[in-house]
Structures are given as C-alpha cells and as structure tokens.
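In: Quick one, structure for this:
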Amino acid sequence: MKQSILSSGLICTLLTVTAGQQSTTPTQPTPQKPTSDTAEVVRITTNLVQIDAVVTDRRGQHIADLGAEEFEIYEDGRPQQISYFSYVSVQPESNARSTETPKSDNKTPPRPPEQLRPEQVRRSIALIVDDLGLSFESTHFVRNALRKFVDEQMKSGDIVAIIRTGAGVGALQQFTTDKRLLHAAIDRLKWNAFGRRGIAAFGAIGDDAYYTEPRDNKRGTFTSTGADEPTKVDDFRDEVFTVGTLGALNYVVRGLKELPGRKSAVLLTDALNLFSSTGSQNYRALDSLRRLIDLANRSSVVFYTIDARGLLSGNDSADNALVGQTKGDGSGEIASTGLSGSRIMTDLRSRSLEIFEAQNGMSYLARQTGGLLVTNNNDIAQGIRRVLDQKGFYLIGYRPGESTFNTAGRRNFHRLEVRVKRSGLSVRTRSGFYGVNTEAAQPVSRTPQQQLIAALTSPFATGALDLRLTSVFLNDATYSSFVRSLIHVGGDSLTFTEEPDGTHKASVDVIAVTFNDEGVAVDQRFRTETVKVRGDEYRAARRDGITFGINLPVKKPGAFQLRIAVRDVPTERIGSANQFIEVPNLKKNRLALSGLYLAGSTNQRLSPASSQSVAQGGTSAPSVETTQGELGEQDAQSGPAVRRFRPGMVIDYGYEAYNVQLDRTTGRAQLQTQIRLFRENQQVYTSQVRNLVGRPSAKQVVARGRLQLGQDLKPGDYILQVIVTDVAAKDKTRVASQWIPFDID
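Out: All right, here's what the predicted structure looks like:
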C-alpha cells in the first residue's frame, strides 16, 4: 500500500495504519524483569522473608566485604537462621556511558536522552518535593538543589522523576533520563500558598503561631478568651495537609513498586508532624504513615528525608526585636511589644519543640524503611548526594516460622533487627513487616473501571498486554494544534472469539487522558473497540496485532502527558503506556518542529538523490521526482506505531517545520537539515548537511527523507534525531531538533 504526501497534512496522513497492512514479522515481546536475584529485593512470603541492609563504618563509609557469617538477624527478638545472602552493587559500570549534557548553544542542539531497558536501570530515584509542607524560602533552595542534582549528579543508568505532593495524578510524570523534562519539572516548582507552611520556615518570636492565646490587636496584649481556637484551626490544617503529603507518598510508592531492584525516594520538606501543638497524636497521620511504611517495605522502596530548612537555631532572627521597636512616626519613642522575659523563654522553648516535632515524622519514615534523615545542612544538593551515593546493599533472607503468618489470629507487626559482629559498624535496614504475605496484601481492582483507572494512574507502563504508544504533535490550519496518537496492541495479547457467521471478534476497552503540567486532565476519551475479521485478515491480526488512532486537541502550549490503558475484555488483562509531549508556543514565532514520522519501506532501492530531505513542492537539486509524492510500502512491525526494523532496511521519515523565516531575496524558506543516529547513547552516524527549500511565501514546510540502515548495525535500541537550521532566522531562533526511538532486530 502506498501513501501520498502531496497534502500539507503529511504526518497526519502517514500515521494511518490498519490491520490489513500487517506482515509476517513477529510481534515485539513484552519486556520482562531481570531474572537475576536482584529483580525482587524485598520478599515477604510464607516461605521466605528477605530484606536489604546497608552497612557503614563510623565515618559513614560503605562496607562491602562482609560475609553471611558476620550477620545476625532477629524477628521479634528471636534469632533466625540466614538461608539467603548476597551483595548487590548499584554502582555504574566502569565503562558506563556518560550522561553529561554537552554545553549547548543555539547552533548545537542537545543529544537525545539515554534510552534504558529495565535490566539497564541502576538507580530508580523519586525526588519528592513536599510543596504542601515547604515555606517560600525553602522552595527557592530546593529548586536550586534539584537543578544541581540533574546537571551534576545524575549518572548513566539513572531514571529520575521529580514529583510534587500538591499536584494531581498527572504530576507523577514518567520516570525519565531526559534532563530537559526534569528541568521543566523543576521550573514548575512553586510555593504553595495553601500549604501548611508560610513565607519563612519560622515566624518571629512573639508571633501568635508560637503562643496559644490570641492577641488583642488594638491593645497589643493577649487575652484568655477562646485561647484554644487558633490552635485548633492550625492543628486541623496541619493534620489535613500532613495526611495529604502521606497520601501522595503512598501513590509514589505504588508506582515505584513496578520498577526492578531497590528504589530510592527522597522527600524534601520543612516538617512532617505526628503530634499537634498540644501534644496529642495526629491519629490520621500516624495511621497513614504506618500504612505507607509497610507498603514501602514490601515494594523495596527506601525513604530518605531532607529537612529543607537547613541549619536550624532555636533563637530569634536578628531582624526581630525581642524587647521593643521604634514607632514609625519618626518620634524615636520606643513602644513595648508586650513580651515579657517569661514570654520570650516560653516562645523559645516552643520553637525548640517545633523543630523536634517537625523532624520526628521525617526521622521515623526514614528509619523504618532503611533510610536516613539529613538535618542542619544548608547545602541541600550535598544532602541529596549523600543519601543517593550508595555503593550497594546486602540481601539477607530467612525461613519464617508458622506463627509469623498465622492468619487465624491477629496480623501483628513483626520487628526485624540486623546486627553485624564486626565492631565499629552500623546497619541500616527495614524495621519489620505485618504478618501477611505480599500476595494477600496486594489490593485487587475488581470492576473494569477500577482496573483501567489503576493502570491509567500508574506512572509506569504495565506489560500484561503487548502495547505500544506513539504520539506526534501536529499543527493544522483547520484543526490548530493537536496530538495524533497510535495505540498498537500485539496479536498475542488479544483474545479472539469465533462468531456464528464465521468471523472472529476481539474487544478491548481503551481509555486515554491528557494531563497538563499541573496534573489536571485537559482531555479524556473512553471507548470500546470491537474488531471483526475473517480469513486472511484474521490470521494477519493474530500475527501482527491491531492499531487504533486517537486525535486529541491541544488548546494551549506546554508540557503534557498522554496516559492510555487498554483492557482485553474477555481475559481482563490490561496494558498501559504514557508519553511526554511538548507542544511549542507557535505564537512566539520561533522555529519549531512537529513530531517525527518514522516507518520502514519494502522499497530497498535507494539512490543518492532520494536520500536527501526535500520540501513539499520544493525546487532543491539534484532530483525531486525520484521520491516526491510516494513512500514505500510498510508492514505492521516497521510501521509508525511499532518501529521495529531489520539491518539493511530503508526507512522513511517525515516532519513539519513551523515559523520558518523567508529569505528576502527568493521569498522562500531556506533550511539546512541533518540527521544523527544514536545507539545506547553513542552517536553512530551523522549525515551530511542538506539544503531544503520551501514553497513561495510558505512559513510552514513539510519535509521528508529516506535513510538506509547498514547491514552491520547491531540489534538494540536506537534514536533518530533530526536537526533543522533556519538560515534566514536570527541566531536565538534558528535551530530546532526532534527525535524518535526505534528498534533494530
């Protein structure tokens, strides 16, 4: 089947794929977790309890040379016989690929981000900014520290997400290696005026926040009438927002659970209070915290907490007068603040107590999950480096007794303790677990709606179905900006039932939601797709799968996430996927590119002329008619929805360039294009720079090209990057790039 590109909607036309276009290429297998012992760190089953432990010396240096005979493990104070022991290194390999981002200018676009398979992930890091519990000044320092981490501390094999506790579901972005996306997330971090912290980490001594009696503002004195009302309001507010923070952390842990190995969650906050100002327990917060800790321990997630307030002092700041203050009328008279010596001492004690209580919850969360709390450190970036710079950990397991999982009685909490016989060493490990195995503790989504929502809200793709998502940003004069998405479901994932009329039917539920950078759903679609095929069409669908197309309008520019979930109706198996989409602001009149179209071609003949990019209706030499107007035939696996190619195959690519400047002499766009090919973050091919000429007076250019893959290209994950330079534009707007991943079998 051949497709025309003579219309201005090049990619929209090209992204039309049907089941009838499929070929005999096998369906891409579902990615599997590594089969090594590190695939599952923490195991809590009726025949094995396995936990991780980190050992350090008095200077905090990591110890990695211990044997099983040097450890002791206790459950509820009773010694257990170690039946499983190993050491797991999380350090990048010595020949690891560099992730340093070269200094970019307007003439040199950055490299595409590193593409990792599950088995290549060395560290999964969630940097959680508690904007529900950060003051205005702390937010500033946290933002700078995160930028430093992304620029200087990320390593090859790291996947990172930056998450706000005050955001919606969509704010839990896909874990990524793309530093541009992480910087975009950092730029969106702002002080939450509706959170539980104010402008400063502390108020001034004498502020009502440190005194339980309300001030009579007219007299500057304090009365005893209704003394507990402000306290009750503040306590309730803190309780609500603390529970909100813990709820967000619970959601993060559920997402991290899907990743392999030991995961790190770094919480940056000013306070995590477990008690009210009157000393009573925050029962809702404590209950949420206990549930969070149990879930984290079962999910191999370690919490590290960082007090974003930095170096703390119980004294008042220099800009607040404890004794008196000058009147503002210029008389120089001193007006009393109404603060007695006993009042000042009371407030200083209250401040010290607040410091302790604010860190109490942070310390408890870190200790119970095997992490640590960083306090009294003004260098937040250094604190992040300290908690994440772990060399490795020990896996220690034992066979539990029958009473550990006695389901007939109450499911008690079992305390765990790990000791090291060698002197001078300390151990960090998890505090324990409830007497229920992981399978029984796992919540089950029963209704179809619950199943789809659970998959949709997960920040990670799930592999119950063989699912591929390809989303491309486009702009059209009629429809304005929109995203064209292709959802490919592998044939082996579908359940076909034979109908009385001889056809075979497959039914799937599809839900797609687009979230903006604030975590708000801006568009959603739900529909049930039913496919009926017979004969050759049925065999092709079973062999190659089917593809659905969805158009989602985009009303505003910005960063968006598209999340999809697909459910096979007969078996209730579900797959999900998500993709980050950046929609440029075309009103700024800067050069921008659409998403990339990429597909294989069965036409293996490739002339030198056909290999260069040409403009729609362009006049660039040496030959246009060789490739103008037609593309080669594509099959399902090498089509734009799946993008799996073979060495030696010819691949076609296409894109659109917007806001192109016109040459004053010719009245046409004068562009230069170049493509780069990357394998595992290493550049393996760079094309020559080609000239591309647009139509007269057209500031939107449709371009395509053709590239033949070498026969000696190794199988693996690749990235094709297109770089476009606008010769007529100013330096700051003249270069744009776009990239797309693909596979070579």
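In: could you check the distance from the nearest residue to E498 once chain neighbours are set aside over to A540?
Out: Using Cβ to Cβ, 6 or more residues apart in numbering and skipping the chain neighbours, the partner closest in space to E498 is H504 (5.7 Å). For every residue, glycine as well, the C-beta is placed using N, CA and C. H504 sits 11 Å away from A540, going by Cβ to Cβ, to the nearest Å.
In: still on that earlier bit, how about the contacts made by the residue nearest to E498?
Out: The contact partners of H504, by Cβ atoms under 8 Å, 6 or more residues apart in numbering, come to 496-498, 532-534, 538, 541.
In: okay, it: pLDDT?
Out: Confidence at H504, expressed as pLDDT, is 94.
In: R734 too?
Out: For R734, the predicted pLDDT is 88.
In: List the ones among the contacts of H504 that fall in helices.
Out: Among the contacts of H504, the subset assigned to helices under DSSP state H consists of 538, 541.
In: distance of the nearest residue to Q700 once chain neighbours are set aside from K391?
Out: Nearest non-adjacent residue to Q700, counting by Cβ to Cβ, 6+ apart: Y658, 5.6 Å away. In this view, Y658 and K391 are 48 Å apart by Cβ to Cβ.
In: By mean pLDDT, flag the weakest helix or strand of the chain.
Out: Using mean pLDDT, DSSP states H and E, the weakest-scoring helix or strand in the chain turns out to be strand 614-615, at a mean of 33.
In: What residue, apart from its backbone neighbours, is nearest S264 spatially?
Out: Per Cβ to Cβ, 6+ apart, closest to S264 is I125, 5.1 Å.
In: returning to that earlier point: buried subset of the contacts of H504?
Out: Among the contacts of H504, those classed as buried by 16 or more other Cβ atoms under 10 Å are 496, 533, 538, 541.
In: Return the closest of those with respect to S156.
Out: Proximity of those to S156 (Cβ to Cβ) peaks at A541, which lies at 40.0 Å.
In: Show me what V510 bridges to in the sheet.
Out: The partner list for V510 in beta bridges (DSSP bridges) reads R527, V566.
In: So it is in contact with I564, correct?
Out: Yes: using Cβ atoms under 8 Å, V510 is in contact with I564, at 6.9 Å.
In: Which neighbours do the two have in common?
Out: I487.
In: Compare neighbour counts for the two and give me the winner.
Out: I564 (26 against 18; other Cβ atoms under 10 Å).
In: Where does that one sit: helix, strand or coil?
Out: Under DSSP: H, G, I helix; E, B strand; the rest coil, the three-state class of I564 is strand.
In: Now it. Nearest residue, chain neighbours left out?
Out: Once flanking residues are discounted, I564 sits nearest to A512: 4.6 Å by Cβ to Cβ, 6+ apart.
In: ok, now T497?
Out: K505 (5.4 Å).
In: That neighbour is in contact with E529, isn't it?
Out: No: using Cβ under 8 Å as the test, K505 is too far from E529 to be in contact (10.9 Å).
In: Can you give me the neighbour number for the nearest residue to G490 once chain neighbours are set aside?
Out: Spatial nearest neighbour of G490, chain neighbours left out: D466 (3.1 Å); criterion: Cβ to Cβ, 6+ apart. The tally of other residues near D466 (other Cβ under 10 Å) stands at 20.
In: Hmm, L494 and D466 touching each other?
Out: No: under the criterion of Cβ under 8 Å, D466 is not in contact with L494, lying 9.2 Å apart.
In: which residues in the stretch 301-450 of the chain form helices?
Out: Residue ranges of the helices in the stretch 301-450 of the chain, as given by DSSP state H, counting those that start in this stretch, are 341-368, 380-388, 438-441, 448-457.
In: The chain now?
Out: 10-14, 136-148, 179-187, 229-256, 283-298, 341-368, 380-388, 438-441, 448-457, 535-544.
In: export those to CSV and tack on distance to D743 and mean pLDDT?
Out: Output for the helices of the chain, formatted as CSV (distance: least, Cβ to Cβ, whole Å; pLDDT from 0 to 100):
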stretch, distance to D743, mean pLDDT
helix 10-14, 19, 44
helix 136-148, 32, 91
helix 179-187, 22, 83
helix 229-256, 25, 65
helix 283-298, 34, 82
helix 341-368, 40, 74
helix 380-388, 31, 90
helix 438-441, 33, 65
helix 448-457, 24, 73
helix 535-544, 15, 89
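In: Can you lay out these as a markdown table showing distance to R117?
Out: A markdown table is the format used below for the helices of the chain (distance: least, Cβ to Cβ, whole Å):
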| stretch | distance to R117 |
| --- | --- |
| helix 10-14 | 28 |
| helix 136-148 | 26 |
| helix 179-187 | 19 |
| helix 229-256 | 18 |
| helix 283-298 | 25 |
| helix 341-368 | 31 |
| helix 380-388 | 22 |
| helix 438-441 | 25 |
| helix 448-457 | 21 |
| helix 535-544 | 23 |
